Every structure is written in structure tokens, then in C-alpha cells.
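Fold the following and give me the result.
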Amino acid sequence: MAAGRLVEVYLDLMSQPCRAVHILLTCTKIPHRVHTVALRKGEHRTPEFMKLNPMQKVPVLVDNDFVLTESDAILKYLVTKYNLADHWYPRQPERRARVDEYTAWHHTHTRLHAAKVFILEVLLPAQSGSQVDQVRLNRALSDLDQTLDKLESMFLRRSSFLCGDDVSVADLLAVCELMQPIGGGRDVLKDRPLLQRWRSCVQAAVGESFDVAHSVLYGVRDRRKAKL
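Residues are numbered from 1 along each chain as shown. This next block holds a predicted model:
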């Protein structure tokens, strides 16, 4: 593993992509320092943070003088820079292409549809004090179901993980998105044994890093449950 100063990462663990980065850093023991950016407090809009990322988004990585945004790019950079185990982002062209295939698809499918369920069921009602719009939520759940069908029929038909026989950065991105509705007490995989087995495989592969990264989300779920 490359020597040098600590990698600095700017994260909010309520953010799904931030959790993926956090899991990779912790389970592979890359020396790092976390700077918490509380999105709910608008800390991503401060002048100091905007100097790092004018797009006002997390995660952000700072490695010496190199600043990098976008979770997909950050994960792949960390694997390459710190010479992590090959399964995270394989060097062999066809195997690497499988990871790239999923991550290219991820943003307009898994991320889009799982996040929308959480936004409609938890975030918007909490911000506005209004009731859940059940019509929009049902539509979002239907869209997510179609995405879950594709995960099973296209990606998991080949192997236990999305892109091969071991965990990769693709699995981290996907599992963190599909965990997000847990914040509203909804397990979107509860009726899908294949995806449940996949999630268990990912959890086993990364160990305690999984629950550490999701502790903030679990807290949201528990506080919301206590109010019902």
C-alpha cells in the first residue's frame, strides 16, 4: 500500500455514495481522516467546501494536493492508488469492463430509484410536515421493482456478486443505495431471496465496516419507528 499522508475524505454518512467510500476505506484499512459534512445543515454550501467542490456535493477526496469528486471515480482511484486486492476493480480488461458496465448503469437505475423511495417516504415528509404521497411512492416502488428485476436477471445471473465471484466497488455502490429505504423502515429486498443472499455476501465480505457505515441510517430508522 502506498505510503504518505492520510487520505482526507469529506463525507455525510446519510449519503449512500459516501457510505460506499467509507466502507472501502475502513475494510481495506487505508489510512484516512474523515471530515463530516452535514448536508442537513447546509455545510456543503459553505465557501470553504465550495472551494473543494463547486458542485456542492459529497463525497470529496483530497490526497496530498489532488482533489477528486464523484464516488465512482473515488472508489476506483483508491483501488488503483493503494494497490488494493484485484477483485475490487480488476485489472483484466473483461473483468474490469463488467464493473464499469454496472457502474455506468447504476446512476440512472439503482441509485435513482432507491433514492426516490427514501425521498418520498422519509425526506420530504420530514422537511414539509406533510403526509407521504402514496401515489408517487407506489410509482417509485414500481420503478424500483423493475430495477431489482434487472439486478437479478442480468447481473446476479452470472455469479454471487454483481460483477464476479468476489466483492467489487460495484457491489458497494449498489448495496448502499438499496439500504437507503431502511431509513424509513422499508427493506426493499425482503421478498427477494436472491438479492438478500447477495446483500449477505457483501456484508460478510466487508465485515463490521458495513454496520459502522450504516449506523447513522439505522439511527434514523429507529427514531422514526419510536415516533410511530
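
Strands of this protein, start to end?
7-11, 32-36, 60-63, 66-69 (DSSP state E).

any chance of those in CSV, with distance to residue 218, mean neighbour count and mean pLDDT too?
Where C-beta positions appear, they are placed from N, C-alpha and C, glycine not excepted. Supplementary listing: the strands of the chain in CSV, determined by distance: least, Cβ to Cβ, whole Å; neighbours: other Cβ atoms under 10 Å; pLDDT from 0 to 100:
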stretch, distance to residue 218, mean neighbour count, mean pLDDT
strand 7-11, 17, 22, 98
strand 32-36, 17, 15, 98
strand 60-63, 25, 22, 98
strand 66-69, 27, 15, 98
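
Same list, those strands, but as a markdown table with distance to residue 102 please.
As requested, these are exported to a markdown table (distance: least, Cβ to Cβ, whole Å):
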| stretch | distance to residue 102 |
| --- | --- |
| strand 7-11 | 22 |
| strand 32-36 | 25 |
| strand 60-63 | 21 |
| strand 66-69 | 20 |
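
and residue 111, what does it touch?
16, 17, 173, 177 (Cβ atoms under 8 Å, 6 or more residues apart in numbering).

and it, how far is that from residue 33?
26 Å (Cβ to Cβ, to the nearest Å).

Mind listing what's buried along stretch 93-105?
Within stretch 93-105, the residues scored as buried using 16 or more other Cβ atoms under 10 Å are 95, 96, 98, 99, 102, 103, 105.

Repeat that for stretch 74-86.
Result for stretch 74-86 [16+ other Cβ under 10 Å]: buried residues 74, 75, 76, 77, 78, 79, 81, 82, 84.

May I ask you to confirm that the last one is in contact with residue 28?
Yes: Residue 84 lies in contact with residue 28 (Cβ atoms under 8 Å); the separation is 5.4 Å.

can you count the residues close to residue 158?
Using other Cβ atoms under 10 Å, residue 158 has 12 neighbouring residues.

And the pLDDT at it?
For residue 158, the pLDDT comes out at 83.

Identify the residues contacting it.
residue 164.

Then the one 5 residues further on?
With contacts taken as Cβ under 8 Å, 6+ apart, residue 163 has the following neighbours: 95, 98, 99, 101, 102, 155, 170, 171.
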